[in-house]
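Student: how would this look folded up:
(chains A and B)
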Amino acid sequence: MDSLDCKRFQKTAGADLNALDQSLLAHVEGCADCDAFLKKARRFDKSLAAAIKVDVPNDLIQKLLHNADEVGSGQAGGSNRFPRFMAVAASVLLIVGASFMVNRVAPVPTQSLEQVVLSHIEAEPKMLTLASFVPDDVAKARLLDFGIEMKRPMGKVSHIELCDIGETQGVHIVMEGEKGPVTLLFLPTIPSQTTRFFSEGRWVGYTAPAGEGTLAIVGEVGEPLEEIDSSVRDAIKWL
Amino acid sequence: MRSCLVKDVEKKRVYRLLVESYTGDLYRYAVWLCKDPVNADDLVQETCLRAWKSLDKLKDHSAAKGWLIRILRNEYARQFSRYRPVFVETELDEVAKKDVANDTSSEAFFLRRAIDELAEEYREPLLLQVLGGFSCEEIGEMCGLTKGATMTRLFRAKQKLRAQLEAER
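Tutor: The predicted structure is shown next:
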């Protein structure tokens, strides 16, 4: 037995099993003492890991994400959010589905929600044109048909339609934004728990909980989507 | 405005990834530092808020775990090192409810007690290795030690635990 190698082996294995290099692993193959030491060290590390294992609270991750959202939104805007939104001149496409107007049976999704949203936008290019705008009183009446009360003007709305979106229905509203067309989809039969961001080509967007359903908002890269989302939510009330 | 939004979306994406990947490691380490699940929860929340605020400083995402642990250690030192528990009379079954560990064997009980009794200089590298899965180099960097000194501390920490466990048997 090479005592120097044994000392080096046992000092390393006794500290960190992952630090054993090739020469030390070669040594253990021919040394019964070090082989026994290695087995003991492995057993001990396993017991140690089991002894100090701690269950993590189920809601901790959600709390951490929520905290950041709160801090983020606090830094992002404050009182100037609404006036900034009202000043924008871009296109917003909003799809909102009222709970009593649409099929309440949630379909089995065959695509991700993000894919459904983006496919719907791509499938209806005419909705992205902003030739004319819906007067506020007409927008108010149409939204009311879909179970949405418009408490104050949301901005320049060009389209409000009830659409088949993927395998469900929702309301599709187009508004002017800052950079170009933006899409918001309210899908009342598709619940969501968290905000999920996505991007594809010229579009960026996210889906977020809205009532018992989901609100998707999509616009061109650079569009202040969260400000628009916040202002729209301030301007309307789900009935 | 365009780049701000993209940056914000990217920041949220990175933060979510960090939280989903490392909350468990942070919380387990915090429980051992604070010796109390409620304070550990607070410590992890404070750590993640600080991480969120300074996420732009994280240049190498592969080093994120070490970065988060460093924030947690600093925050613990800042907030909890001055904490002095108030001693109150508590029923034994209430104490049992606060024990969040999984392994209820007698060996695990003795090991946990032995870890508690280790000097800080031994306990911290050990917890970083076992809970965090960090290498000796990484632990050395966090604790301000050379790789050799870190290995020596880990070796001695385990040696002390083994000796105490043997004594209990």
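Student: drop to CA atoms for contacts and neighbour counts, all remaining ones
Tutor: Fine.
Student: Count the residues that sit near the residue of chain A at minimum distance from chain B.
Tutor: Nearest residue of chain A to chain B: A:Gly222, at 3.0 Å (Cα to the nearest Cα). The tally of other residues near A:Gly222 (other Cα atoms under 10 Å in any protein chain shown) stands at 19.
Student: Surely it and A:Lys179 touch.
Tutor: Yes - using Cα atoms under 8 Å, A:Gly222 makes contact with A:Lys179 at a distance of 6.7 Å.
Student: can you tell me which residues contact the residue positioned nearest the centre of chain B?
Tutor: For chain B, B:Tyr29 is the residue whose C-alpha lies nearest the centre (Cα atoms, centre = their mean; 2.2 Å). Applying Cα atoms under 8 Å, 6 or more residues apart in numbering or on different chains, one finds that B:Tyr29 lies in contact with B:Leu127, B:Leu128, B:Leu131, B:Gly132.
Student: In helices only, show me those residues.
Tutor: B:Leu127, B:Leu128 (DSSP state H).
Student: and which of the contacts of B:Tyr29 is nearest chain A?
Tutor: B:Leu131 (7.4 Å).
Student: Tell me how many other residues crowd the closest one.
Tutor: 21.
Student: buried residues in the lengthiest helix in chain B?
Tutor: Criterion DSSP H: the longest helix present in chain B is helix B:2-34. For helix B:2-34, burial by neighbour count (16 or more other Cα atoms under 10 Å in any protein chain shown) applies to B:5-6, B:9, B:12, B:15-16, B:18-19, B:22-34.
Student: Flag the shaky bits of chain A, pLDDT-wise.
Tutor: Scanning chain A for pLDDT under 70 picks out A:1-2, A:72-111, A:130-131, A:239.
Student: Distance check, the spatially most central residue of it against A:Gly205.
Tutor: Nearest to the geometric centre of chain A sits A:Arg196, at 1.0 Å (Cα atoms, centre = their mean). With the distance defined as Cα to Cα, to the nearest Å, A:Arg196 ends up 9 Å from A:Gly205.
Student: Any chance you could note which residues of chain A sit beside chain B?
Tutor: Neighbours of chain B within chain A, by Cα under 8 Å from any Cα of the partner chain: A:11-12, A:14-16, A:18-19, A:44, A:47-56, A:60-61, A:63-65, A:67-68, A:197, A:221-224.
Student: For those, which PyMOL command selects only the ones that are buried?
Tutor: Here is the PyMOL command that selects only those of those that count as buried (16+ other Cα under 10 Å):
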select buried, chain A and resi 11+12+14+15+16+44+48+49+50+51+52+53+54+56+60+61+64+65+67+68+197+221+222+223+224
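Student: Can you flag which of the residues of chain A next to chain B belong to strands?
Tutor: A:Phe197 (DSSP state E).
Student: which ones among the residues of chain A next to chain B are found in helices?
Tutor: Short answer: the residues of chain A next to chain B in helices (DSSP H) are A:11-12, A:14-15, A:44, A:47-51, A:60-61, A:63-65, A:67-68.
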